[in-house]
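**Q** Following is a predicted model, sequence given first.
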Amino acid sequence: MNTINKLFLLLLLCVTAMQINAKEVEIQSLRGNYDLDELSPEPEIKRRRDSDRVKRQFGLQPPVIPHLTKGYKINLKFNKCLTCHSWENVKKTDAPRVGFSHFVDREGANSKKVAGRRYFCVQCHVTQADTPALIENTFKPANK
Ligand code: HEC
Ligand code: HEC
């Protein structure tokens, strides 16, 4: 075999190998098998949940939080909690919305925004944890 023939054979081998490879690897798009001008179904929104909801122990108890809140910032300009729990956003996030009581300011007037005294959520709501009682007690939930 002369050099030209050898090179040609090598090229042929390469092309065949590439073709075999192309058949084996099926490329999957994240949006599924849809044409570009077609809409793929919207992915299901995952509800934020790390543990089962603990029942409230008395009527006006601030419910404990059934998910982690580590790193969730609340400052003058930004409130991470409201990105899921505000009335506008619950439509998208499926989170329970903040109650009416959270819009009443200290003069008793209804405001459009969450009232200042309810803005710092973690003042009242804590992430639930299964911890032993700090002191022995005979507390019974009010609704039982
Ligand atoms: C990524 C979205 C998301 C963020 C951010 C978020 N939450 Fe939630 N939260 C949820 C969802 C969804 C549920 C409902 C979980 C369930 O049904 O078990 C929930 C449940 C709760 C509940 C329980 C309500 C009840 O009636 O039992 C409280 C309280 C709560 N969150 C407070 C907070 C606070 C405070 C923050 C900020 C520190 C926060 N959440 C941030 C999505 C979010
Ligand atoms: C001063 C205490 C306080 C603060 C601050 C507060 N909450 Fe609450 N929250 C409560 C109490 C008490 C309840 C239960 C009674 C009610 O709905 O008012 C409650 C209820 C809730 C519920 C359940 C509503 C329902 O209808 O079941 C959610 C969700 C919630 N709060 C989220 C938040 C978020 C998000 C923030 C911050 C923007 C926040 N809360 C700030 C005291 C507070």
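**A** Yes, it's here. Ligands and ions are numbered 1, 2, ... in the order given.

**Q** Could you use CA atoms for every contact and neighbour count after this?
**A** OK.

**Q** what pLDDT does the residue most central in space within the chain get?
**A** Closest to where the C-alpha atoms of the chain average out (Cα atoms, centre = their mean) is R48, at 4.9 Å. Per-residue pLDDT puts R48 at 74.

**Q** Which parts of this protein are helices?
**A** Per DSSP state H, the chain carries helices over the ranges 3-24, 82-85, 90-93.

**Q** Compute the distance between I27 and N33, please.
**A** 10 Å (Cα to Cα, to the nearest Å).

**Q** again with Y72
**A** Applying Cα to Cα to Y72 and N33 gives a distance of 36 Å.

**Q** before we move on, what about N2?
**A** Per Cα to Cα, N2 is found 48 Å from N33.

**Q** Repeat that for P96.
**A** P96 is 34 Å from N33, by Cα to Cα.

**Q** now do I65
**A** 39 Å.

**Q** neighbour count winner among these two?
**A** I65 (19 against 11; other Cα atoms under 10 Å).

**Q** Excluding sequence neighbours, find me the nearest residue to the more buried one.
**A** Counting by Cα to Cα, 6 or more residues apart in numbering, T127 is the residue found nearest to I65 once chain neighbours are left out, at 4.4 Å.

**Q** No further questions, thank you.
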